[in-house]
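A.B. asks: requesting a structural model of the entry that follows:
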Amino acid sequence: MRNFVFGIVSTFLLLVFAGLAFAIFGLMPTNADSNPPSIERRIATNALDASLSRRAERLDNPVPASDNNLIDGMKIYTMNCAVCHGTLDNQASPLEHSFYPPVPQLVLDPMDDPEWHTYYVVRNGIRYTGMPSWNHTLSEQDMWKVTGFLARVGKLPPAVQQYWKSSYGVLPPGSANGRSQLQ
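C.D. replies: Model (predicted):
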């Protein structure tokens, strides 16, 4: 039995040291313009979700989802987020595949995370991804406005959809002939 446990521990240590050697000797690719393997993507996504669930306070958005606040959130998104996360003309960002991992396109593929997850990411950023912390740049209210906009990007009220169309020349995703999914 002792030899069996020793074998398991030795194998585990060998794998750890092999992984460290792989990284230390430069055998791990470092280019940002490649797609992560599916297992890496799955592990990183699960680790991020677990970390957010553990660290982020479960706060309710103190900024009401009024038409004006959603339009303000849209403007904040356009000025600060669109270059990486996709523009409001329903086009993917040209930088989408310039980051490792690729940047989520939040307009074309809206998130289904709770608002407190999104707010935590906007406020604190995500280490090693290029997602900055906006805590020192945006006010609390502005971070909540963009959070509210992102939470509703696929189901915006008609007045906000109309503002989107008049400002960007296209209807937002989730609308059909100018009608919101909420109708």
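
A.B. asks: quick one: the residue nearest to the spatial centre of the chain from residue 84, how far?
C.D. replies: By Cα atoms, centre = their mean, the chain has its centre lying nearest to residue 104, at 5.6 Å. Distance, residue 104 to residue 84, by Cβ to Cβ, to the nearest Å: 9 Å. For every residue, glycine as well, the C-beta is placed using N, CA and C.

A.B. asks: surely residue 170 and residue 87 touch.
C.D. replies: No - in this structure, residue 170 is not within contact of residue 87 by Cβ atoms under 8 Å, at 10.0 Å.

A.B. asks: ok, residue 49 - contacts?
C.D. replies: Contact criterion Cβ atoms under 8 Å, 6 or more residues apart in numbering gives no residues in contact with residue 49.

A.B. asks: let the chain start at 7 from now.
C.D. replies: Sure, I'll start counting at 7 from here, so that last one is residue 55.

A.B. asks: secondary structure class for it?
C.D. replies: Secondary structure, DSSP: H, G, I helix; E, B strand; the rest coil: residue 55 is helix.

A.B. asks: now it: how far from residue 65?
C.D. replies: Residue 55 sits 17 Å away from residue 65, going by Cβ to Cβ.

A.B. asks: which elements pack onto the helix or strand hosting residue 167?
C.D. replies: Using DSSP states H and E, residue 167 maps to helix 164-174. The contact analysis (3 or more Cβ pairs under 8 Å, 6 or more residues apart in numbering; DSSP states H and E) places helix 164-174 against helix 73-86.

A.B. asks: just the buried positions in the helix or strand that the helix it packs on is followed by, please.
C.D. replies: Following helix 73-86 in sequence order, the next helix or strand is helix 88-91 (DSSP H and E). For helix 88-91, a neighbour-count test (16 or more other Cβ atoms under 10 Å) marks 88, 90, 91 as buried.

A.B. asks: next one: stretch 142-153
C.D. replies: Quick answer for stretch 142-153 (16+ other Cβ under 10 Å): 144, 148, 149, 150, 151, 152, 153.

A.B. asks: mind checking the longest helix of this protein?
C.D. replies: Using DSSP state H, we find that the single longest helix of the chain is helix 8-30.

A.B. asks: residues in contact with that one?
C.D. replies: Contacting residues not belonging to helix 8-30 are listed as residue 34 [Cβ under 8 Å, 6+ apart].

A.B. asks: what's the answer for stretch 96-111, then?
C.D. replies: The contact list for stretch 96-111, computed with Cβ under 8 Å, 6+ apart, reads 37-42, 47, 50, 88-93, 113-114, 117, 135-136, 176, 178-179.

A.B. asks: restricting to C-alpha, output that stretch in PDB.
C.D. replies: Below are the C-alpha coordinates for stretch 96-111, written out as PDB (Å, rounded to 0.1, in the frame of the first residue of the first chain):
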ATOM      1  CA  ASN A  96     -23.500  45.000 -35.400                       C
ATOM      2  CA  GLN A  97     -20.000  44.300 -36.500                       C
ATOM      3  CA  ALA A  98     -17.400  42.300 -34.600                       C
ATOM      4  CA  SER A  99     -14.400  44.300 -33.300                       C
ATOM      5  CA  PRO A 100     -11.400  44.200 -35.600                       C
ATOM      6  CA  LEU A 101      -9.500  43.400 -32.300                       C
ATOM      7  CA  GLU A 102     -11.600  40.300 -31.500                       C
ATOM      8  CA  HIS A 103      -8.800  37.800 -32.400                       C
ATOM      9  CA  SER A 104      -5.900  40.000 -31.400                       C
ATOM     10  CA  PHE A 105      -6.300  39.000 -27.700                       C
ATOM     11  CA  TYR A 106      -5.700  35.700 -26.100                       C
ATOM     12  CA  PRO A 107      -8.300  34.500 -25.300                       C
ATOM     13  CA  PRO A 108     -10.400  36.200 -28.000                       C
ATOM     14  CA  VAL A 109     -12.500  39.100 -26.700                       C
ATOM     15  CA  PRO A 110     -16.200  38.300 -26.300                       C
ATOM     16  CA  GLN A 111     -18.400  40.300 -28.700                       C
END
